[in-house]
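# Coordinates for the following, if possible.
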Amino acid sequence: MQTVAVLSLKGGVGKTTVVLGLASAAMRRGVRTLVVDLDPQCNATACLEPGETSKGLSDVLADPRPEVLRAAVTPSAWGEEVDVLVGSEDAEELNGHRSDGSHLARLGEALSELDHLIAEGELPYQLVLLDCPPSLGRLTRSALVAADRALLVTEPTIFAVSGVQRAFEAVQAERENNPRLQPLGVVANRVRPRSQEHQFRIDELREIFGPLVMPVALPDRLAVQQAQGACLPIHQWGTPGAREVALAFNLVLARTLRATRTRRPAAGDDEDLEEVDD
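Numbers count the residues shown, from 1 in each chain. Got it, this is the predicted structure:
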């Protein structure tokens, strides 16, 4: 099981769009995926249209036992390859306090329970995507403590570039609590190839982050909003713009599967990384 936190410390850059695009690409490849909606806005949950649950994210963070986790996870409307740990609007109340190590570890404890359930033949997820809120509160920090890799999302604008720099610093700082955490990369979203400003900002990102900047950028296409409005994965939307975006997400997913761990190491395990073949 590979766990990736998708984050940005600036709102409106399309962080949830990236989570949904990766889930779509994983679904197309037959990679069983769990989307964990940590954002109190619950946009990922709304777009995936999961079934009703008796529990949600707030319950799991309060009590990460297997039975609570099972009650908070449900299939999405997309298909059997994508499940959702449903978001909670009241999770915002948890975002600004109790940020000590024991509370930050709750999400990681829940995901460790997933490992045990997988070993027992339940919930066989290969990829877990953590959709973080656009702030460095307890929810985002919990995701960084639980994750193997962090994917940083930005738009090619001056303020978004500043936000991704802060997100990178947050990832590096959180390695104190999670030594295995590594940045997966920086992905530029909503890019218009003919825009000189966008190209300038992408060059700026490459100067700052070097090879961490993904070689593929996510194009700005209306099909993304259309597919989300219809609550469909982007690869099923069927327009030329949707096919272009879906191809870009396939490439980002391939890098994700190559770079992330195949399992979450237990205490005392060898820290060597293994890769997943494309």
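
# Strands of the stretch 1-150 of the chain, start to end?
Taking DSSP state E, counting those that start in this stretch to define them, one finds strands in the stretch 1-150 of the chain at 2-7, 33-37, 73-75, 82-85, 127-131, 149-154.

# could you give the angle of the last one to strand 127-131?
Going back to what we said before, that points to strand 149-154. Using axes from the mean of the first three to the mean of the last three Cα atoms, to 10 degrees, one finds that strand 149-154 and strand 127-131 are set 40 degrees apart in direction.

# Which other helices and strands does the helix or strand just after strand 149-154 contact?
Scanning forward in sequence from strand 149-154, with DSSP states H and E defining helices and strands, the next element found is helix 158-174. The helices and strands touching helix 158-174, judged by 3 or more Cβ pairs under 8 Å, 6 or more residues apart in numbering; DSSP states H and E, are helix 138-146, strand 149-154, strand 182-188, helix 196-209. Where you see a C-beta, it was placed from the backbone N, CA and C, and this is true even at glycine.

# So which of the strands of the stretch 1-150 of the chain is nearest residue 168?
strand 149-154 (6.1 Å; Cβ to Cβ).

# What separation is there between residue 235 and residue 23?
10 Å (Cβ to Cβ, to the nearest Å).

# of the helices and strands packed on helix 158-174, which approaches residue 130 most closely?
In this view, those are compared for proximity to residue 130 by Cβ to Cβ, and helix 138-146 is the closest at 4.3 Å.

# From the chain's centroid, how far away is the closest one?
For helix 138-146, the separation from the chain centroid amounts to 12 Å (computed by Cα atoms, centre = their mean, to the nearest Å).

# same check, this time on stretch 240-255
With Cα atoms, centre = their mean as the basis, stretch 240-255 stands 16 Å off its chain's centre.

# and it, average pLDDT?
Taken as a whole, stretch 240-255 carries a mean pLDDT of 96.

# That stretch: which residues count as buried?
Buried residues in stretch 240-255, counting neighbours by 16 or more other Cβ atoms under 10 Å, are found at 241, 242, 245, 246, 248, 249, 250, 252, 253, 255.

# For the first one, give me its contacts.
Residue 241 makes contacts with 219, 221, 222, 223, 224, as judged by Cβ atoms under 8 Å, 6 or more residues apart in numbering.

# gap between the fourth one and residue 235?
In other words, residue 223. When residue 223 is compared with residue 235 (using Cβ to Cβ), they lie 11 Å apart.

# what do these two both touch?
Here residue 223 and residue 235 have residue 242 as joint contacts, going by Cβ under 8 Å, 6+ apart.

# quick one: low-confidence parts of the stretch 151-278 of the chain?
Judged against pLDDT under 70, the low-scoring parts of the stretch 151-278 of the chain cover residues 260-278.

# Can you give me the neighbour number for residue 150?
Neighbour count for residue 150, taken as other Cβ atoms under 10 Å: 28.

# The nearest residue to residue 8 once chain neighbours are set aside pairs with what?
Among residues not flanking residue 8 along the chain, residue 153 sits closest, at 4.6 Å (Cβ to Cβ, 6 or more residues apart in numbering). For residue 153, the residues forming beta bridges with it (DSSP bridges) are residue 187.

# Residue 153: neighbour count?
With neighbours defined by other Cβ under 10 Å, the count for residue 153 comes to 27.

# How much space separates it from residue 127?
17 Å.

# For residue 92, give me its contacts.
Contacts of residue 92 were listed using Cβ under 8 Å, 6+ apart, and they are residue 40.

# brain fart, residue 215
In this structure, residue 215 makes contact with residue 251, judged by Cβ under 8 Å, 6+ apart.
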